[in-house]
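1. predicted coordinates and the sequence they were generated for:
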Amino acid sequence: MPERTPGGVVPWAEVDRIPGWLTRAQAELLQAVVRSVHPGPARVLEVGAHQGRSTCALAGARRDVVVTTIDPFVRTRRYAGPAVRGLLAAHLARLGVEDRVTVLATTSAQARRGWTGEVDVLHVDGKHDYWTVTDDLRWVEHVVAGGAVLVHDAFSSIGVTLALLRHVLPGRTLAYRGRTGSMAHFVVTAPSTADRARMLAELPWWVRNVGVKVLLRLHLRPVARLLGHTGADDPY
């Protein structure tokens, strides 16, 4: 088992060994938000676990965190399906945080039907189509006032961004606090005009990212570099 700090924090080097698209800066944001929760167990709910890169970042934030992560582990073009659950369990065990995490192998909608507890931190990184993200955002109903909502692939994925623009921008529940790469950070409180303006100010970055994705799929990486994209994968 890798060494941890006295506070039970898992080092980034260990989390980074897990395949996935969470950047170090985004992992640090997840951990900072969890550590900011009031004394006592920090209650975290995550939609979309995959192999556990973000799950381990959340569970490794502090010793008294309680993480529930939801993933149906279905097989798709990009994901290996049920076999991934075993990889997730192995990563949780290797980092010594399995006792902090409950894995629900079901859909977000099914898990929510029987959910009654409150949530301090919500991390949404499930399926990225508009309808699924719209449904995943209903978990906000369980987040305490002042709690944090973090959405991955915001202002990068078309489906995620459209759901945020349609349901969060005109809403009265979430205030935009900024982004770390494509991870948007919201707080459960009434948004101000300035909060809405900050969200709208991200739209040029979104258009740029969609353009980069199109160029990458057309194998026009040199053109994508002209837009400032130097990574090997989509902008995150």
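-> Structure received.

2. number of nearby residues for Val84?
-> Val84 sits with 19 neighbouring residues when counted by other Cβ atoms under 10 Å. No exception for glycine: its C-beta is placed from N, CA and C like everyone else's.

3. again, but for Ser156
-> Other residues near Ser156 come to 24 when the count uses other Cβ under 10 Å.

4. for it, which residues are in contact?
-> For Ser156, the contacting residues are Ser182, Trp206, Asn209, Val210, Lys213, Asp234, Pro235, Tyr236, by Cβ atoms under 8 Å, 6 or more residues apart in numbering.

5. also His128?
-> Residues near His128 by Cβ under 8 Å, 6+ apart: Asp153, Ser157, Gly159, Val160.

6. and it, helix, strand or coil?
-> With DSSP: H, G, I helix; E, B strand; the rest coil as the basis, His128 sits in coil.

7. ok so, going back, closest one of the contacts of Ser156 to Thr134?
-> Closest approach between the contacts of Ser156 and Thr134, by Cβ to Cβ: Trp206, at 17.3 Å.

8. and stretch 194-203, how far out from the chain's middle?
-> Put simply, stretch 194-203 sits 20 Å off its chain's centre (Cα atoms, centre = their mean, to the nearest Å).

9. likewise stretch 10-23?
-> Centre to centre, stretch against its chain (Cα atoms, centre = their mean), the figure for stretch 10-23 is 14 Å.

10. contacts for that stretch, please.
-> Outside of stretch 10-23, the residues within contact range by Cβ under 8 Å, 6+ apart are 2-5, 24, 27-28, 30, 50-54, 56-57, 59-60, 91, 94-97, 152, 180-181, 233-234, 236.

11. sitting in strands, which of those do you find?
-> The strands, defined by DSSP state E, take in Thr180 from these.

12. related to what we said a few turns ago, how about the contacts of His128 in CSV, adding pLDDT, neighbour count and distance to Arg166?
-> As requested, these are exported to CSV (pLDDT from 0 to 100; neighbours: other Cβ atoms under 10 Å; distance: Cβ to Cβ, whole Å):
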residue, pLDDT, neighbour count, distance to Arg166
Asp153, 96, 24, 16
Ser157, 94, 24, 14
Gly159, 96, 16, 11
Val160, 97, 28, 11
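
13. the helices in this structure, which residues?
-> For the chain, the helices defined by DSSP state H cover 12-15, 24-35, 53-59, 83-94, 108-113, 130-136, 158-167, 193-200, 203-217, 221-226.

14. quick one: list the elements packing against the third one.
-> What it means is helix 53-59. Contacts defined by 3 or more Cβ pairs under 8 Å, 6 or more residues apart in numbering; DSSP states H and E place helix 53-59 against helix 12-15, helix 24-35, strand 42-47, strand 65-70, helix 83-94, strand 119-124.
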